[in-house]
Each structure stands twice: as structure tokens, then as C-alpha cells.
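Colleague: let's see this in three dimensions:
(one chain, ligands or ions: 2)
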Amino acid sequence: MASKVLSTGIPHSVLPENYVRPESERPKLSEVTNCENVPIVDLGCTDKNRVIQQIGDACRNFGFFQVINHGISVESTERMLEMANEFFDLPLEEKMKYYSDDPSKTLRLSTSFNVKKETVHNWRDYLRLHCYPLDKFVHEWPSHPSSFKVQSKSDPISTSPTDTHGSKISTGTHHRYSKLFAWLMNSVNLERSFVVLPLKRSIKEVVLMPDSCSCDRDVVSKYCREARQLGFRLLEAISESLGLEGDYIEKVLGEQGQHMAVNFYPPCPEPELTYGLPGHTDPNALTILLQDQQVAGLQVLKDGKWLAVNPHPNAFVVNIGDQLQALSNGMYRSVWHRAVVNSTKSRVSVASFLCPCDNAIIGPAKALTDRSATVYRSFTYDEYYKKFWSRTLDQEHCLELFKN
Ligand code: OGA
Ligand code: NI
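Modeller: Ligands and ions are numbered 1, 2, ... in the order given. Below you'll find the predicted structure:
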């Protein structure tokens, strides 16, 4: 394929050879049934013990659950999904500025899973961002679409010399607009309270509009902060559901990192032969997944069968990652899950990953090993994460390598 990513804007009419799974590894979509009893936890419920009980049951029996009344507004989730779609709709050259196949990059657009290691690829493009602390990473985030982030003073007004209709503005003209804009900003000291709409060729068309709320242009940071807060609430409940102190998990995980994968699964000519993401477990502690509200694609493994987890209105899918499986001495499951693709529609999802700090020492909680054997040895998250990314998704559970 000529392009490194799938989201070129040009539909794919054939599935390239290197996406075709061997017969035995195919998704067998006709055998997948809907997961009818997905645990749905109402976080708005005032009976805290009931919530903790439900979360504990879900983590033990399923390794995942959905949450509703979670405190993140519909507006915020809708805008985040819109942003995901808009990013992958950008012209290819604009997106390719962020492309890298190096997993150690803190911001990168990539494709499949680990392109350099795998032999069969997956029908997915993704933008991976580090999201904590925000002020350390936001400057490297994409400046398009323009609501992705608030442009800082040092950012160029636009890094792409195109107008809102995608036609080229000469670099010189663009530069003059940038300088003019910077001058206006400095002289009236308005900083974030004005926006330029839209950036066009003639000076008369540079319109300054009062901007009622700077968070209108801060979609992703806002969403990240909210997802983080929700994550901490869930970690506390999970801790308590294990009979541990509410802050036990948070203390063990240390200053947690936060990553985000904005996944884009284009329409695929042969969904039966490939995956968006093949079966895997998440290497981190906890994942909060915002699913496309229109297009299904997430499946989880339960009792040896793949079940579809269809989008539930205004819900997040929460799944236990490998670190919580280790910390709970295997009581809670880091669930196997995968994303399948379809032939007519693209699908987006936004996964927020809470990750232990690199030097956090992860191992089964002492209180949980009094009466049963310690299943996993202790390790640092850094050691685990490096091992995870040195492999492909098709191998055995990475935690198997850390068993006693
Ligand atoms: C992931 C993931 C599932 C989906 O990004 O780790 O499992 O439905 N995504 O996109
Ligand atoms: Ni995952």
C-alpha cells in the first residue's frame, strides 16, 4: 500500500494480503452473540455499598462493566467523538505530520498495533497521546482540528497553511496573518477570549469573534481531566470491593500516567478476514472506553466465547487491565477483548488508560495472599510495559511471564 495509514480518504476496495488472518484466527463473526447481561453500574446510585458490590462482581466474573450517570456530560463525550472523527478526516499530509511507528513517542499517529513487530496487520489507525500532566504534553498535540486544544501563545496560529476549505494559502500570506493575529492579541491583551473565524484570504475576512468559553476549544484536555477523575473514583470503589482501603490502589500505583488512544476503524472490504484489534488485554491498570454511539465493534471473551458489547447510550465501558489483575492476585480479570470492523461504516473509539507510574512496584496485595498462594511476582510497571510493547498482540497474556 502506498500510504502508511488506512485513513487516506480513499475507500479501500480490496483487503491487502498482509491483513488477512490465517483461517483458524479469523473472527468468525456469525458465531458471536450479543452480551445480554453486560453489568451496568449506575454511579449515580446513592447506595455506595451496592455500587461497590456490583463493581466487585463485575470485575470477578467479567473483567469489565459499563457505567452510567458517571458525571461526564453528554456534550463532552459527543464533542470528543466528533473530534476523533474530525481528526481522521483531515487531509493525509496534515495527519502524517504526527506519524511514527516508534511506541516510545509520547504523541504519535500510527496504524494497526505494532507495525514493526507484527506480520499480519490490523484494520485500525490510531492517535496515541500522553495526557498527564496535561501541561507537559498538550503543546505536542495536534493543532488541527482547531478545537482539539487551546492554541498556546507560542503555537503558530495554524500549523497548516490551508484555509477552512482546505485550499492552500501561500506560506507568506499565512505568515503575515499569523503575525497580524499575534500583534492584535498582544496589543489588546485578549489572549484566549477571541478566536479567528475563519482564516481566509482577505484581511477583511479575518473576523474576530468574542468567544464565550475557552473550553469550546479545549475539547480533549477537558475530556482527559474528566476521564481521569472518573478513573480515580472507580479505582477507589475497586479497592474497596477487594476489601482493601479505598486509597490502597491509588497509593500502590503512585503518580499515575494517563494515555489516550483515539482509534479509527475505516470501512473494511473483508471484515471476516481481519481485525480492527485482535484479542488482547490492556497492559495498564484501568481503561475507560468511549465507544462510537452508532457503530458496534467491541467484543469480549467470556467463558471461551466472544460476545459483542454494543454501545449503551451515554455509558462508558470500563475494563480491568493487567496491573489490577496482578494487584488482585488474579481475583479480578484483565479481560480479553477485541475490535472487529465492518464493511460499510467507519467506527471510532476513545480509550483512556490510567497507568501506574513507571517505578510503581506492582504485585498481589498482601491482604489478598494470606489465604491463597501469591500468583504473580512483583515487578515495576516500567519492566512490564517494556515487555508488553516488545511483543505482538497475538501472543499469550503478558502477565503469564510474571507468574511465580
Ligand atoms: C484499545 C481497545 C477497543 C475498541 O484501544 O485497547 O481495546 O473498541 N479498543 O476500540
Ligand atoms: Ni484494549
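Colleague: what about V20, how many residues nearby?
Modeller: 15 (other Cβ atoms under 10 Å). C-beta: built from backbone N, CA, C; applies to glycine.
Colleague: tell me which residues touch the closest residue in space to it that isn't next to it in sequence, please.
Modeller: Once flanking residues are discounted, V20 sits nearest to L273: 4.9 Å by Cβ to Cβ, 6 or more residues apart in numbering. The contact partners of L273, by Cβ atoms under 8 Å, 6 or more residues apart in numbering, come to L15, Y19, V20, R21, R26.
Colleague: would you check that the last one makes contact with E272?
Modeller: Yes. Counting by Cβ atoms under 8 Å, E272 is a contact partner of R26 at 6.2 Å.
Colleague: any weak-confidence spans in the stretch 301-404 of the chain?
Modeller: Applying pLDDT under 70 to the stretch 301-404 of the chain flags residues 393-394.
Colleague: so which bits of it are right by ligand 1?
Modeller: With Cβ under 6 Å from any ligand atom as the criterion, the stretch 301-404 of the chain meets ligand 1 at residues H337, A339, S349, A351.
Colleague: same thing but at 5 Å, please
Modeller: Residues of the stretch 301-404 of the chain lying close to ligand 1 by Cβ under 5 Å from any ligand atom are A339, S349, A351.
Colleague: distance of the second one from F379?
Modeller: In this structure, S349 and F379 are 29 Å apart, going by Cβ to Cβ, to the nearest Å.
Colleague: who has more neighbours out of the two?
Modeller: Shown here are S349 and F379; by other Cβ under 10 Å, S349 has more neighbours (25 against 19).
Colleague: and the closest residue to the more buried one other than its chain neighbours, what are its bridge partners?
Modeller: Excluding its sequence neighbours, the residue lying closest to S349 (Cβ to Cβ, 6+ apart) is N263, at 4.6 Å. Judged by DSSP bridges, the bridge partners of N263 are Y126, S349.
Colleague: residues contacting N263?
Modeller: Neighbouring residues of N263 by Cβ under 8 Å, 6+ apart: A84, R124, D125, Y126, G276, L277, A339, V348, S349, V350, A351.
Colleague: repeat that with 7 Å
Modeller: Going by Cβ atoms under 7 Å, 6 or more residues apart in numbering, N263 touches R124, Y126, V348, S349, A351.
Colleague: and for A261?
Modeller: By Cβ under 7 Å, 6+ apart, A261 lies in contact with Y126, R128, A351.
Colleague: output the residues you listed as a markdown table; include the columns neighbour count and distance to Q229.
Modeller: Converted to a markdown table, these look like this (neighbours: other Cβ atoms under 10 Å; distance: Cβ to Cβ, whole Å):
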| residue | neighbour count | distance to Q229 |
| --- | --- | --- |
| Y126 | 27 | 24 |
| R128 | 20 | 21 |
| A351 | 23 | 17 |
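Colleague: closest one of these to ligand 1?
Modeller: Lowest distance from ligand 1 to the contacts of A261 (Cβ to the nearest ligand atom) belongs to A351, with 3.8 Å.
Colleague: ok and the residue in this protein nearest ligand 1?
Modeller: Using Cβ to the nearest ligand atom, the point where the chain gets nearest to ligand 1 is S349, with a distance of 3.4 Å.
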